[in-house]
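A.B. asks: Model the following, please.
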Amino acid sequence: MDPIVKINHLSYKYPDGTLALKDIFVNVLPGEKIALVGSNGAGKSTLLLHLNGILEGSGEIFIDGMKIEKKNIGVIRTRVGVVFQNPDDQLFSSTVFEDVAYGPIYQGFGKTEVKTKVDQALVDVHMQDFSGRNPYHLSGGEKKRIAIATVLSMNPQILVLDEPTAGLDPRSRRNLIELLLELPHTMLIATHDLDMVEKLTPRTILLNQGQIIADSSTSSILGDDNLLEINGLK
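C.D. replies: Predicted structure coming up:
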């Protein structure tokens with residue numbers, strides 16, 4: 001099976017000179033759910049932001065065989081849906097429907113197709129009764145679900161999530177993990193939530209100071225107390 005994500009020699013330096021990623025190699029197969037773990041500053045979010053061209057480092061990244069470069073970026077961003085840590089960064093309209101419809105409208109779909117896509121995305125996140133609600137009046141867990149729906153409405157192949165359980169109460173956190181388990185998409189998830197990692201992602205990539213320290217089964221990485229402690233995760 002060919003990788004749906006292929007990263008070769010990826011390095012990235014921030015404008016202040018900080019080297020955030022160092023010669024990263026990763027292959028992701030279709031349908032895989034992968035956690036990116038590491039202490040703060042390890043490079044997790046920086047890596048995620050390269051997957052739809054928000055950041056651009058040296059090296060090469062291919063999405064379903066298509067190289068991330070200027071001429072392909074529009075198509076890439078429909079195939080890779082990014083869900084930010086703070087849902088307020090993605091919810092800016094006066095109704096849930098408008099927020100979820102934004103992507104399909106940008107893609108050029110007509111009114112009927114847009115409504116179909118919005119309705120399906122809200123069903124997928126179990127929020128079909130919230131279409132007319134104001135996003136700012138929703139709970140944290142509800143906002144997270146709507147933020148996911150805003151990318152599902154564009155029918156992506158890959159979901160990229162940054163700290164999806166951050167700030168959630170125990171019930172909302174549990175419900176979100178169950179939702180992510182239901183979704184069939186390829187996923188890359190940056191997180192400090194090792195309990196979620198254990199439940200959701202069979203494969204884990206451990207980063208430290210911009211380098212991949214380990215890329216293996218979740219059970220083997222989470223079962224290595226010394227590895228976790230050395231890398232600031234225990």
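A.B. asks: Torsion angles phi and psi at residue 56?
C.D. replies: phi -140, psi 110 (degrees, to the nearest 10).
A.B. asks: now swap in residue 219 and tell me
C.D. replies: Dihedral angles (degrees, to the nearest 10) for residue 219: phi -60, psi -40.
A.B. asks: neighbouring strands for the strand or helix carrying residue 159, and are they parallel or not?
C.D. replies: In this structure, residue 159 sits in strand 158-162 according to DSSP states H and E. If you go by DSSP bridges, strand 158-162 pairs up with strand 80-83 (parallel), strand 186-190 (parallel).
A.B. asks: Summarise which helices and strands the helix or strand just after the last one is packed against.
C.D. replies: Counting by DSSP H and E, the element after strand 186-190 in chain order, helix or strand, is helix 194-200. Contact analysis of helix 194-200 by 3 or more Cβ pairs under 8 Å, 6 or more residues apart in numbering; DSSP states H and E lists strand 33-37, helix 170-182, strand 186-190, helix 218-222 as its packing neighbours. C-beta here means a position set from N, CA and C on the backbone, and glycine is covered the same way.
A.B. asks: Residue 83 is nearest to which of the ones you listed?
C.D. replies: strand 186-190 (9.3 Å; Cβ to Cβ).
A.B. asks: Give me the buried positions along that closest one.
C.D. replies: Neighbour-count burial for strand 186-190, with 16 or more other Cβ atoms under 10 Å as criterion, is recorded at 186-190.
A.B. asks: got the angle between the strand holding residue 159 and helix 170-182?
C.D. replies: Strand 158-162 runs at 160 degrees relative to helix 170-182, counting by axes from the mean of the first three to the mean of the last three Cα atoms, to 10 degrees.
A.B. asks: And the residue nearest the centre of this protein?
C.D. replies: Geometric centre of the chain, nearest residue: residue 160, 1.6 Å, by Cα atoms, centre = their mean.
A.B. asks: thought that one was touching residue 52?
C.D. replies: Yes: under the criterion of Cβ atoms under 8 Å, residue 160 makes contact with residue 52 at 7.1 Å.
A.B. asks: Now for these two: what residues contact both?
C.D. replies: 80, 82 (Cβ atoms under 8 Å, 6 or more residues apart in numbering).
A.B. asks: what bridges to the closest residue to residue 31 other than its chain neighbours?
C.D. replies: Leaving out its chain neighbours, the residue that sits closest to residue 31 by Cβ to Cβ, 6 or more residues apart in numbering is residue 186, at 5.8 Å. Here residue 186 sits in beta bridges with residue 158, going by DSSP bridges.
A.B. asks: ok, now which ones touch residue 186?
C.D. replies: Contacts of residue 186 (Cβ under 8 Å, 6+ apart): 4-5, 28-33, 157-159.
A.B. asks: if you set the cut-off to 10 Å instead, what comes out?
C.D. replies: 3-5, 28-34, 64, 79-80, 156-160 (Cβ atoms under 10 Å, 6 or more residues apart in numbering).
A.B. asks: ditto for residue 90
C.D. replies: Residues counted as contacts of residue 90 (Cβ under 10 Å, 6+ apart) are 82-84, 99, 102, 135, 143-144, 146-151.
A.B. asks: Many thanks, have a good one.
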